[in-house]
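*Asks:* Below is the structure, and that's it, no one-letter string:
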């Protein structure tokens, strides 16, 4: 049992696990922000443009609900409420677009950091050391830059 707890502790405190937990918490908070944005900022103007129809109230009535003389619902009918689905789709599109923009920005930063020709970004010391070792090996071998091995000509035995 002690081995299991030790292994779980190593797993739980890994950077990736903590990053994932932080991402989930931030994602949940961002989801609430987008939900309010859609319901309080985007939906009211759309309701105004559609003659006062609230988006969350949009529905297809296949069979109307039936009520008795006292006003109690006898048969709930068949109603497909697609308004909430539309709001959820708008939420999703905003979140997906935001994530796309953030990931695109991060990838551009990563590409810029990995570009060996870009001198505005300092090269990490370990990468610079590996580059220096590669250059020294090329000088010692007196060879051109190392590339993939060439295919032998047809009928020749590879060296």
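*Replies:* Looks like it arrived, so ask away. Not measured: the values here are computed from a predicted model.

*Asks:* other SSEs contacting the longest helix anywhere in the chain?
*Replies:* As assigned by DSSP state H, the longest helix anywhere in the chain is helix 83-114. Under the contact criterion of 3 or more Cβ pairs under 8 Å, 6 or more residues apart in numbering; DSSP states H and E, helix 83-114 touches helix 15-36. All C-beta spots, glycine's among them, are computed from the backbone N, C-alpha and C.

*Asks:* So for the helix it packs on, what gets flagged as buried?
*Replies:* 34-35 (16 or more other Cβ atoms under 10 Å).

*Asks:* going on from it, what's the next piece of helix or strand?
*Replies:* For helix 15-36, the succeeding helix or strand toward the C-terminus, using DSSP states H and E, is helix 43-49.

*Asks:* How far does that following helix sit from its chain's centre?
*Replies:* Distance of helix 43-49 from the chain centroid (Cα atoms, centre = their mean, to the nearest Å) equals 29 Å.

*Asks:* what's the answer for stretch 64-80, then?
*Replies:* 44 Å.

*Asks:* Rounded mean pLDDT for that stretch, please.
*Replies:* The pLDDT scores in stretch 64-80 average 87.

*Asks:* Stretch 83-97 now?
*Replies:* Stretch 83-97 comes out at a mean pLDDT of 89.

*Asks:* Repeat that for stretch 20-39.
*Replies:* For stretch 20-39, the per-residue pLDDT averages 87.

*Asks:* State the mean pLDDT of the helix or strand just after the longest helix of the chain.
*Replies:* Using DSSP H and E, the helix or strand that follows helix 83-114 in sequence is helix 125-141. Mean pLDDT, helix 125-141: 88.

*Asks:* Next, the buried residues of helix 125-141.
*Replies:* Result for helix 125-141 [16+ other Cβ under 10 Å]: no buried residues.

*Asks:* Compute the inter-axis angle for it and helix 83-114.
*Replies:* 40 degrees (axes from the mean of the first three to the mean of the last three Cα atoms, to 10 degrees).

*Asks:* How far away from the center of its chain is helix 125-141?
*Replies:* For helix 125-141 - counting by Cα atoms, centre = their mean - the centre lies 37 Å from the chain centre.

*Asks:* What of stretch 119-127?
*Replies:* Its chain's average C-alpha position is 28 Å from that of stretch 119-127, according to Cα atoms, centre = their mean.
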